[in-house]
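Asks: Provided below for reference: sequence and predicted model.
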Amino acid sequence: NAGVTQTPKFQVLKTGQSMTLQCAQDMNHNSMYWYRQDPGMGLRLIYYSASEGTTDKGEVPNGYNVSRLNKREFSLRLESAAPSQTSVYFCASKPPNEQFFGPGTRLTVL
Amino acid sequence: AQSVTQLGSHVSVSEGALVLLRCNYSSSVPPYLFWYVQYPNQGLQLLLKYTSAATLVKGINGFEAEFKKSETSFHLTKPSAHMSDAAEYFCAVSYNQGGKLIFGQGTELSVKP
């Protein structure tokens, strides 16, 4: 039981490049989430998926897209990376009343 | 809008001293409340949660928190700090069983020898 896994762990992009962050969970949870963490701002919700086949915007969705590929996988895509997207990205999955977090992806956009 | 406020972005205590990390939420509806801990370069780990059962909640690593509805607070305490408690702590709130979490800004705890 690996919990929530994320790939890659680290990534450096140039402005304008695209990339996809991968997330998978093996706990059979319906809900999955993507957050970004920036100093002094806590975690802010980018997108979430309440169940397979559905996605909704969170607090800071601009510049991102998501895909809920199946119940296990929820990917986050940056189509044209900007320096303001330099951050640490966390994926989470959720049974009632709790969230389990992945180890994070540290992204730098130059 | 619902919000969570953590008083103090940085708290420093001596080893063996009391740890008190403050969290207040804004809501007229009783929420579900959580404390998460994040060690350097790691993801978030659940410390404890309040889900409308006992108002004093005990968590892992000797931490506990008390839900005070009259003060809209959920402060985290530990009687005696250990060096291994140095980490960032996040308070979070959810307003229904399947709802999204709203996080506070985080409090970084330093423990001095």
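Replies: Right, received. Where do you want to start?

Asks: residue A:9 reaches residue A:106, doesn't it?
Replies: Yes: counting by Cβ atoms under 8 Å, residue A:9 touches residue A:106, with 6.9 Å between them. The way it works is simple: take the backbone N, C-alpha and C, and place the C-beta from them, glycine included.

Asks: lowest-confidence helix or strand of chain A?
Replies: strand A:100-101 (a mean of 91; mean pLDDT, DSSP states H and E).

Asks: tell me which element the nearest residue to residue B:50 once chain neighbours are set aside falls in.
Replies: Residue nearest to residue B:50 in three dimensions, not counting chain neighbours: residue B:33, with 4.3 Å by Cβ to Cβ, 6 or more residues apart in numbering or on different chains. Using DSSP states H and E, the element containing residue B:33 is strand B:32-38.

Asks: residues in contact with the strand or helix carrying residue B:67?
Replies: Using DSSP H and E, residue B:67 maps to strand B:64-68. By Cβ atoms under 8 Å, 6 or more residues apart in numbering or on different chains, the residues outside strand B:64-68 that reach it are B:23, B:33, B:35, B:48, B:50, B:55-59, B:73-78.

Asks: which parts of chain A sit against chain B?
Replies: A:4, A:31, A:33, A:40-45, A:48, A:50, A:58, A:90, A:92, A:94, A:96-104 (Cβ under 8 Å from any Cβ of the partner chain).

Asks: what subset of the residues you listed is buried?
Replies: A:4, A:31, A:33, A:42-45, A:48, A:50, A:58, A:90, A:92, A:94, A:97-104 (16 or more other Cβ atoms under 10 Å in any protein chain shown).

Asks: which positions in chain B make contact with chain A?
Replies: So chain B meets chain A at B:9, B:32, B:34, B:36, B:41-46, B:49, B:51, B:90, B:94, B:97-98, B:100-101, B:103-106 (Cβ under 8 Å from any Cβ).

Asks: ok, now with 10 Å
Replies: When proximity is defined by Cβ under 10 Å from any Cβ of the partner chain, chain B lies next to chain A at B:1, B:4, B:6, B:9, B:32, B:34, B:36, B:38, B:41-46, B:49-52, B:88, B:90-92, B:94, B:96-106, B:108.

Asks: give me the subset of the residues you listed lying in strands.
Replies: Residues of the residues of chain B next to chain A located in strands (DSSP state E): B:4, B:6, B:32, B:34, B:36, B:38, B:44-46, B:49-50, B:88, B:90-92, B:94, B:102-103, B:108.

Asks: low-confidence stretches in chain A?
Replies: Residue ranges of chain A with pLDDT under 70: A:1, A:96.

Asks: which residues in it form strands?
Replies: A:4-7, A:10-13, A:19-25, A:31-37, A:43-49, A:56-57, A:64-68, A:74-78, A:87-94, A:100-101, A:105-109.

Asks: what's near enough to touch the residue nearest to the spatial centre of chain B?
Replies: The centroid of chain B falls nearest to residue B:35 when counting by Cα atoms, centre = their mean (3.6 Å). Contacts for residue B:35 (Cβ atoms under 10 Å, 6 or more residues apart in numbering or on different chains) come out as B:21, B:23, B:46-50, B:57, B:59, B:63-65, B:74-76, B:89-92, B:104.

Asks: okay then, goodbye and thanks.
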